[in-house]
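Q: Okay, predicted coordinates and the sequence, questions at the end:
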Amino acid sequence: MGLDGVMLGHSPERLASWAESVAADHLRRQGLRILDRNWRAGHRELDIVAQEGDVVAFVEVKARGPGPQDPLEAIGRTKRRDIRRAAERWIHSHPGVGSEFRFDAIGVRAGGSGVRILHVRGAFTGDDT
């Protein structure tokens, strides 16, 4: 789906789904292997789980259209806690996958000038508040 189809009159859910696809493509281009997308642990969800060597990255994706707010500002304390808890469940349900783990964030901004992607490796830790 092109940028125009995403931005003009579609729901936030559609924008989020598109942004997750953009983020997954970005990760693949960076050499990461996608292990899971939209993995659920109860009401919690991991947008993307990717692997880079022995490191498993739990990737939260946030998207915004034109405007002043940075997409990554939307990852607050409660969201980080939920991601950490879902990651714990993922690790327990995938024994032996990865020896190190990190939390990444990808911000996707779509607007008149195209698409911008910001990938922050280690955006937060497992014990920050």
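A: Done, it's in. Numbering: from 1, shown residues only.

Q: Going by C-alpha atoms from here, please, whenever you check contacts or count neighbours.
A: Fine.

Q: All the strands of the chain, residue numbers only.
A: For the chain, applying DSSP state E gives strands covering 33-41, 44-52, 55-64, 100-111, 114-124.

Q: Can you tell me which of the ones you listed is packed in deepest?
A: strand 55-64 (a mean of 24; mean count of other C-alpha atoms under 10 Å).

Q: Please identify the pairing partners of that one and their relative orientation?
A: Strand pairing for strand 55-64, using DSSP bridges, gives strand 44-52 (antiparallel), strand 100-111 (parallel).

Q: Export only the CA atoms of it, formatted as PDB.
A: The C-alpha trace of strand 55-64 is given here as PDB (Å, rounded to 0.1, in the frame of the first residue of the first chain):
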ATOM      1  CA  VAL A  55      20.400 -11.200  20.200                       C
ATOM      2  CA  VAL A  56      16.600 -11.200  20.200                       C
ATOM      3  CA  ALA A  57      15.100  -7.700  19.800                       C
ATOM      4  CA  PHE A  58      11.600  -7.000  21.000                       C
ATOM      5  CA  VAL A  59      10.600  -4.100  18.700                       C
ATOM      6  CA  GLU A  60       7.800  -1.600  19.500                       C
ATOM      7  CA  VAL A  61       6.600   0.300  16.400                       C
ATOM      8  CA  LYS A  62       4.900   3.700  16.600                       C
ATOM      9  CA  ALA A  63       3.600   5.700  13.700                       C
ATOM     10  CA  ARG A  64       2.500   9.200  13.200                       C
END
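
Q: Give me the residues contacting that strand.
A: Strand 55-64 has contacts (C-alpha atoms under 8 Å, 6 or more residues apart in numbering) with 15-16, 19-20, 23, 46-51, 70-72, 74-75, 83, 87, 97-110.
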